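Trainee: Fold the following, please.
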Amino acid sequence: MHSRDFVHLDIKHDNILLDGSLRPKLADFGFTQKVTGPIRDFRRTEEYAAPEVLAQTAPFDGKKADIYSMGVVFYSFFMCKYPSKYGPLSLPDDISDTIKNIIKAMLSRDPANRPSAADLKGDPWFQTSTLSQKDYDFYMDIAEDRTRKFMQKKSQTPSAYAG
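Mentor: Residues are numbered from 1 along each chain as shown. Reported below is the predicted structural model:
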């Protein structure tokens, strides 16, 4: 998407789907724009928005804002909460230093210090063949725990999920 000069501008858990091979796919392109310069559209999902988007004081780099939002997705996956926009980041000791560094870079408050999508795609961590067994097991434990909690919540409040 970024390589074609488009920005999503609403990356969040709700807009990431998994295909049959569990590969993530972006959805909901309602805020997507072709990049022709700095972005002046401040529509956002607050919890996932980059600091420069929340400030609403100047045009911003949409690609860097997307990277920040993806950092929020990663952070909240591990921490089960959104990162503080102002305080220091803390990540659990039982994940690799590699993913910690990636998340910290993606959540840099200075957009110039965030990696590009191409940088992230080229990082060895994103190559499935190099995913450590420790990280894989950790992610699967989280996914199983969240699925279990979702199903418990769903069974307790069926009307909230009625279609």
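Trainee: pLDDT weak spots in this structure?
Mentor: For the chain, the stretches with pLDDT under 70 are 127-132, 135, 146-147, 150-151, 153-163.
Trainee: hey, where'd the helices end up in it?
Mentor: 51-55, 62-79, 97-106, 117-122, 133-156 (DSSP state H).
Trainee: buried set for the shortest one?
Mentor: Buried residues in helix 51-55, counted by 16 or more other CB atoms under 10 Å: 51-53. Backbone N, C-alpha and C define where each C-beta goes, glycine included.
Trainee: Among these, pick out the one closest to residue 8, please.
Mentor: The shortest approach to residue 8 among the buried residues of helix 51-55 belongs to residue 53, at 12.5 Å (CB to CB).
Trainee: didn't that closest one look like it was pressed against residue 43?
Mentor: No. Using CB atoms under 8 Å, residue 53 is not in contact with residue 43; the gap is 9.1 Å.
Trainee: tell me the most buried of the helices of the chain?
Mentor: For the helices of the chain, the largest average neighbour count (mean count of other CB atoms under 10 Å) is found in helix 62-79, namely a mean of 21.
Trainee: what's the angle between that helix and helix 97-106?
Mentor: Counting by axes from the mean of the first three to the mean of the last three CA atoms, to 10 degrees, helix 62-79 points 140 degrees away from the direction of helix 97-106.
Trainee: Can you report how many residues neighbour the residue nearest to residue 134 when sequence neighbours are not counted?
Mentor: Excluding its sequence neighbours, the residue lying closest to residue 134 (CB to CB, 6 or more residues apart in numbering) is residue 96, at 6.9 Å. Neighbour count for residue 96, taken as other CB atoms under 10 Å: 14.
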